[in-house]
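> Got a predicted structure here, sequence first:
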Amino acid sequence: MPRSWSRENSSNSDSMNHSSTIRTRIAPSPTGALHIGTARAALFNYLFAKHEGGTFVIRIEDTDLERSDKRYEENILEGLQWLGIEADESPEVEGSYGPYRQSERIPSYRRHIETLLREQKAFYCFHSEREVNEERERLLDAKRPQLHLCEYRTMDPTEAETLKDIKTDYIIRFKTPAGKTITFHDAIRGELSFSSDLLGDFSIAKKIDVPLYNFAVVVDDYEMEISHVIRGEDHIANTPKQLLLIETLGFPRPQYAHLPLILGPDRSKLSKRHGATSVREYRDQGYLPETLLNFVALLGWNPGDNRELFTKEELIREFSLEKVQKSGAVFDVKKLDWMNGEYIRHMPLSKLMDLVKPFFGINGMRQFSIFNSQFSKKEYFEKVIALEQPRLKKLSEIGERVDHFFRAPQYDKELLRWKNASDEEIFDSLTHSEKIISNIKYQISKRELQDAFFNEIREGDKGVLLWPLRAALTGKKASPGPFEIIEILGLEETLRRIDAAKKKVAVVQ
């Protein structure tokens, strides 16, 4: 029994909570990887609780034993931790309201189900799954609501107890009252009303020890003293069923807020056909946790101005349910890429160096085949990452962007061609660059190189000289400028690459 309320003194008013402390929760099912939608719901619950000085709870809904998997629970908990959504209570952080897995809470569910059966507010339904499906198909063909109004609701309880020992194909249903209007206030959508006549006698348990979602969540929220239920709008249809159970069991109502859907670019519900949907996929692609946290916070919430970059502390300070929108929020990957680039650009270089190593693709720094002997391998690596830091959008891009710094580039000679230049003109251009670089008497630096080349080019077409040079150095259509690259590669490797490029276009005499 929760600490401050009993069944006799509870109230069903939306404004009444049985705990003076704000308590929110996220209750994911470990049947798949942590989804962006679940992460967004977790974040909004977390931000609201922290803003109000309350408690954020993670509860695992694992009563679906056939589909639940421990590795998905680990994925969910690890993903939320990686994002910085830290629980005050969870399976890993025990509190006073545990256990925090539904599979460990069976005695509580059994006790409340037995109460409903004893008071004849729930009953055993002995229709087979086949019979229920056939009924649903008949109603669908008749264009009538697909509700199950069960004939067993009036069976004598003693007879039902006897029958359930004979028939194993049964479930437990709630005896839904007829003609009742269920109304509640949604913190985002205002007042919502439903008719009980559109619910039917809905199921609450497969067996006395196997509760179903709508029943288990009501008991859990009550016993954990959850004050605010903040979840996706796809749960709105569940709310009237849960409110009937809350009223019947004599529990106080939590306050509800239903978040807008996350949509793909085509404004349909976000799914795998739009790309990655799990937090782990975005992590593996090289998005930063602070980026994803910031980006997800803006999926349905607006601070009221044009700001887009927030720290977690700023989000906690600014967040309110009043600023959550009703309409769906579009998941814009281009905006996510831009935001991730902003975070990368403002990151200390030492931290970025550590983060990119798993994405480097050449086993860290152990397999360098080329590096400027002027620098240590660490210094060389640092200069390469510093050059690319302003251009990176994802950490995973680093390997393909910098591989030319660690091995000789492979490319077709056509990449060397500027506009309609002949092979002979390309050869002459590379020879000219070779002479300019070889004549620099001081330390090779971007500034010295730039001055030397621009003095030669003057008002001419820069591409004639610089395009073949850059292509020879990188083997890529797009890269940083040749002067920055030469400064890192050093004179010896630069001249080696120019010579290799000249051989590609050498005119046979």
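On my side now, so go ahead. Residues are numbered from 1 along each chain as shown.
> distance of the closest residue to D499 other than its chain neighbours from D451?
Distance criterion Cβ to Cβ, 6 or more residues apart in numbering; nearest residue to D499, sequence neighbours excluded, is E434 at 7.6 Å. To be clear about C-beta, it is placed using only N, CA and C from the backbone, and glycine gets the same treatment. Note on E434: its distance to D451, by Cβ to Cβ, to the nearest Å, is 17 Å.
> Those two - which one has more neighbours?
E434 (18 against 13; other Cβ atoms under 10 Å).
> now S203, which residues is it bridged with?
R173 (DSSP bridges).
> What is the burial count for L392?
21.
> Oops, could you answer that again for S320 instead?
By other Cβ under 10 Å, neighbour count at S320 equals 14.
> Give me the buried positions along stretch 230-250.
Across stretch 230-250, burial judged by 16 or more other Cβ atoms under 10 Å covers 230-233, 235-236, 239-246, 248-250.
> Give me the distance from that stretch to the chain's centre.
26 Å (Cα atoms, centre = their mean, to the nearest Å).
> Now it: average pLDDT?
Average pLDDT, stretch 230-250: 97.
> Endpoint to endpoint, that stretch covers what distance?
21 Å (Cα to Cα, to the nearest Å).
> likewise stretch 185-201?
24 Å.
> Give the buried residues for that stretch.
186-188, 194, 196, 199-201.
> Could you list the domains of the chain?
348-398, 413-505 (automatic domain parsing).
> can you put these in a markdown table and add mean pLDDT and distance to E73?
Rendered in a markdown table, the data for the domains of the chain read as follows (pLDDT from 0 to 100; distance: least, Cβ to Cβ, whole Å):
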| stretch | mean pLDDT | distance to E73 |
| --- | --- | --- |
| domain 348-398 | 82 | 24 |
| domain 413-505 | 92 | 43 |
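> got TSV for those domains, with distance to G328 too?
Shown next, in TSV, are those (distance: least, Cβ to Cβ, whole Å):
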stretch	distance to G328
domain 348-398	25
domain 413-505	35
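> can you tell me which residues contact L355?
L355 is in contact with 288, 347, 395, counting by Cβ atoms under 8 Å, 6 or more residues apart in numbering.
> swap that for P468, please
Contacts of P468 by Cβ under 8 Å, 6+ apart are 416-418, 421, 426, 429-430, 433, 501.
> host element of it?
According to DSSP states H and E, P468 maps onto helix 462-474.
> what does L299 give?
Using DSSP H and E, L299 falls outside every helix and strand.
> pretty sure it contacts A39?
No: L299 is beyond contact range of A39, at 9.7 Å (criterion: Cβ atoms under 8 Å).
> which outside residues touch the following helix or strand past the helix holding P468?
On the C-terminal side of helix 462-474, the nearest following helix or strand under DSSP H and E is helix 482-489. Applying Cβ under 8 Å, 6+ apart, the contact partners of helix 482-489 are 370, 372, 380, 383-384, 387, 404-405, 437, 444-446, 449-450, 453, 466, 469-470, 473-474, 479, 494, 497.
> From the chain's centroid, how far away is helix 482-489?
38 Å.
> What is the next helix or strand after it packed up against?
Per DSSP H and E, the first helix or strand lying C-terminal to helix 482-489 is helix 491-505. Applying 3 or more Cβ pairs under 8 Å, 6 or more residues apart in numbering; DSSP states H and E, one finds that helix 491-505 contacts helix 423-438, helix 462-474, helix 482-489.
> Much appreciated, bye for now.
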